[in-house]
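> make a model of this:
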Amino acid sequence: MQSIVIIPTYNEKENIADMLETVMNLVLPNGDFHLLIIDDGSPDGTADIVKQYQEKYPERLFLEQRKGKLGLGTAYIHGFKWALKKNYDFIFEMDADFSHNPQDLIKLHYACSQENFDVAIGSRYIQGVNVVNWPMSRVLMSYFAGYYVRFITGMKIMDTTAGFKCYKSNVLQKIELDKIKFVGYAFQIEMKFLAWKYGFKIKEVPIIFTERTKGQSKMTAGIFKEAFLGVIQMKIESLFKKF
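As a prediction, this is how the structure comes out:
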């Protein structure tokens, strides 16, 4: 059963080579991870670095290049569709900046492959608050954003905005990817909400999240605004849909 990790990139030249090597050297009980980079026209040459590594890992490393910065959600949807066409069984999403520890991919894989969960979430908040190098204001904003999402939606998931996940392919086949509305943090919430509404088994796997040390954060105020308003819209629309 094949596994692929999808990583969207935009100006990640400081991190991408180390990330590629780290993921490529992880070992699963039944094989290796494949890796798909979705690069949104990084002007810093991120895609060129990936192409160099494709010569080293021609059967496991893939690159999809898009013109312009089109958003996190659309990058993942592009990657999900690509992976489904290639018949991957376990499809992962993670960041390029080492805020997600690649070693934790093994734990997420285990939750889906051995414990038979449909979605495994790398969770910062399932065992206290496990965040390194964030200012307290951002920790509080993230933590209470999760509380807000749980209150509005009824989900029991502690880390509702987490972007480190493993999906079984049948989850992504069930969710209508072309109808996903949001592109930032709200995208992460929407995907979890739909998986939950469809009745898939979800597990939160504890991780330690470490803020990037290289490159620039992509966080903006607009991303938070989309999530705040989008959750209400998403909940209202779900009342008129059959799952």
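> okay, CA-based contacts and neighbour counts for the rest of this
Fine.
> any low-confidence regions in the protein?
212-224 (pLDDT under 70).
> so where do the strands sit in the chain?
Taking DSSP state E, the strands of the chain run over residues 3-9, 33-39, 61-65, 90-93, 119-123, 131-132, 165-168, 202-206, 209-210.
> turn those into TSV, including mean neighbour count and distance to Tyr143.
Written out in TSV, the entries for the strands of the chain read as follows (neighbours: other C-alpha atoms under 10 Å; distance: least, C-alpha to C-alpha, whole Å):
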stretch	mean neighbour count	distance to Tyr143
strand 3-9	24	24
strand 33-39	23	29
strand 61-65	18	33
strand 90-93	26	21
strand 119-123	26	11
strand 131-132	15	11
strand 165-168	24	18
strand 202-206	21	15
strand 209-210	20	13
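> please identify which of those is closest to Asn101.
Proximity of those to Asn101 was assessed by C-alpha to C-alpha; the nearest stretch is strand 209-210, lying at 7.5 Å.
> identify the residues contacting the closest one?
With contacts defined as C-alpha atoms under 8 Å, 6 or more residues apart in numbering, strand 209-210 is touched by Phe98, Ser99, His100, Asn101, Arg124, Asn130, Val131, Val132, Asn133, Trp134.
> kindly report the same for stretch 125-141.
If you take C-alpha under 8 Å, 6+ apart as the criterion, stretch 125-141 is touched by Arg124, Tyr143, Met158, Asp159, Glu204, Val205, Pro206, Ile207, Ile208, Phe209, Thr210, Glu211.
> might you report the residue contacts of the fifth one?
Taking C-alpha under 8 Å, 6+ apart as the criterion, Glu204 is in contact with Ala120, Ile121, Gly122, Ser123, Ile126, Ile157, Met158, Asp159.
> show me which of these is closest to Ile49.
For Ile49, the closest of these turns out to be Gly122, at 27.3 Å, with distances computed as C-alpha to C-alpha.
> that closest one contacts Val205, doesn't it?
Yes. Counting by C-alpha atoms under 8 Å, Gly122 touches Val205, with 5.0 Å between them.
> what residues are shared contacts of these two?
With the criterion set as C-alpha under 8 Å, 6+ apart, the overlap between the contacts of Gly122 and Val205 is Leu108.
> ranges for the helices of the chain?
Shown for the chain, the helices assigned by DSSP state H span residues 13-24, 46-54, 72-85, 105-113, 136-153, 169-174, 185-197, 221-238.
> which one of those lies closest to Gln65?
The closest of these to Gln65 is helix 46-54. By C-alpha to C-alpha, the value is 7.5 Å.
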